[in-house]
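**Student:** Take a look and give me a structure for this.
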Amino acid sequence: MALHDQAPPITLDRARSIARIHGQDPQELEPQFGFVLAHIHNALPAPPAAAAAAARLSAQLDPGDGIDRVSGLPDALLRDIVSRLPVKDAARTAALSRRWRPLWRAAPLVLLDNHLLPDGAAPDDEIPNIYLEHADSRAVATALSCVLDAHPGPFRWVRLASCYMDEERGQVARWLQHLAVKGVQELFLINRPWPLAVDLPVPTAFFSMAALTRLYLGFWKFPDTAGLPRGAAFPHLRELGLCDVVIDNHDMDFVLARSPVLEILCFESHMLPPLRLRLVSRSLRCVQMHASNVESIVVVDAPRLERLFVRFVPIEVPWCRIKIVCAPALRLLGRLDPAMHELQVGNTTIKAGTVVNPRTMVPAQLSRSWM
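**Tutor:** Numbers count the residues shown, from 1 in each chain. Here you go, the predicted model:
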């Protein structure tokens, strides 16, 4: 469906009005939304550089004698320094001198969009704002478009988490196209649905990000892969995190089949639809599922899989069946509860009430990981 055929976005003010119509108090819903959003943000990997670390580096490099020693460093080192600065500070280095002018455009950027918030709205740490004003979201979207237009790339690490994406549908598609062309390597795309209705499809442009090595999606509906081009793939993707993402089982099969070097797969707070996960991958080494609705996990063929963690299955799916068919490298399996999980290893089934006897024993290297 084309962008212009989609339903109009629900703005934050309109969402609050809809909540009131349904007898819900927006002030009561917002803390719940904030809790879930904070949980997802805390699950994200940390950025490679922080503003505080950059400030400490600046203090260490300045001996206080007025002599500019930094500008004499090699270009490659200066570009690395610039790439680790908050994006506003990185852009400002172009005004320091003629020596610094070309460095920002030549540096592979680390971009956190909460660094684009108006002065006074940005948080002191690297965690994005949980509560975000509508005007601040619009300001971030405008500034982000300017950065993506001005910088030729590559973007080595990008986290977009400070916009109400539903209000920026056309812009989001354009941002992802920019990042695909400019070789983004690590992308964290976190939506802010309010209330928590995860029904906005993520633009399919991220399937053309050939340089992508790490991808985390939060609060999106995964696109239907049936209509994607035959060549759609993640040839270099090594880590994938899906945080409260609506994804059908056949789409998950597609992602695994089109990610030939994927090593780490994480599910955080997956709710709908309940997952029936089939693991067929020659590269997967670790699968982690937390607070996710999982009906079954079948490790069909995963010769390099070493760790499989299933923690806290919500009450909506009170029972999860785990079947290990082919995983010769598996060493850690947990945390399993016999009251909630049924484990089958080969022809051996272990569940609540299973009597210990030689026929219900599993190899020692696997049984040690039962927690």
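**Student:** For the lengthiest strand in the chain, list every residue counted as buried.
**Tutor:** Ranked by residue count under DSSP state E, the longest strand found in the chain is strand 294-301. Under the neighbour-count criterion of 16 or more other Cβ atoms under 10 Å, strand 294-301 has V294, S296, I297, V298, V299 buried. Where C-beta positions appear, they are placed from N, C-alpha and C, glycine not excepted.
**Student:** and if you look at stretch 179-191?
**Tutor:** L179, A180, K182, G183, V184, Q185, E186, L187, F188, L189, I190, N191.
**Student:** Can you pick out the most distant pair from these?
**Tutor:** G183 and N191 (23.3 Å; Cβ to Cβ).
**Student:** Name the surrounding residues that touch stretch 217-227.
**Tutor:** Contact with stretch 217-227 is made by 40, 44, 161, 188-193, 196, 198-204, 232, 241-248, 250-251, 254-255, as judged by Cβ atoms under 8 Å, 6 or more residues apart in numbering.
**Student:** quick one: low-confidence parts of the stretch 201-350 of the chain?
**Tutor:** 271-272, 312-318, 337-339 (pLDDT under 70).
**Student:** what are the ranges of the helices in it?
**Tutor:** Along the stretch 201-350 of the chain, counting by DSSP state H, counting those that start in this stretch, helices occupy 249-257.
**Student:** so C326 touches V298, yeah?
**Tutor:** No: with contact defined as Cβ atoms under 8 Å, C326 does not count as touching V298 (10.2 Å).
**Student:** Mind pulling the model confidence for D68?
**Tutor:** Per-residue pLDDT puts D68 at 65.
**Student:** Point out the other helices and strands that the longest strand of the chain packs with.
**Tutor:** strand 275-280, strand 307-311, strand 320-324 (3 or more Cβ pairs under 8 Å, 6 or more residues apart in numbering; DSSP states H and E).
**Student:** export those strands to a markdown table and tack on mean neighbour count?
**Tutor:** Listed next are the helices and strands packed on strand 294-301 as a markdown table, based on neighbours: other Cβ atoms under 10 Å:
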| stretch | mean neighbour count |
| --- | --- |
| strand 275-280 | 20 |
| strand 307-311 | 19 |
| strand 320-324 | 20 |
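**Student:** between those strands, which one is nearest to D80?
**Tutor:** Here strand 307-311 is closest among the helices and strands packed on strand 294-301 (Cβ to Cβ), at 32.7 Å.
**Student:** Tell me the secondary structure at T93.
**Tutor:** Assigned by DSSP: H, G, I helix; E, B strand; the rest coil, the conformation of T93 is helix.
**Student:** Quick check: the gap between it and S145.
**Tutor:** Distance, T93 to S145, by Cβ to Cβ, to the nearest Å: 21 Å.
**Student:** Same check on A233?
**Tutor:** 28 Å.
**Student:** So for the two, which residue has more residues nearby?
**Tutor:** The neighbour comparison of A233 against S145 (other Cβ atoms under 10 Å) goes to A233, with 18 against 15.
**Student:** Good, wrapping up.
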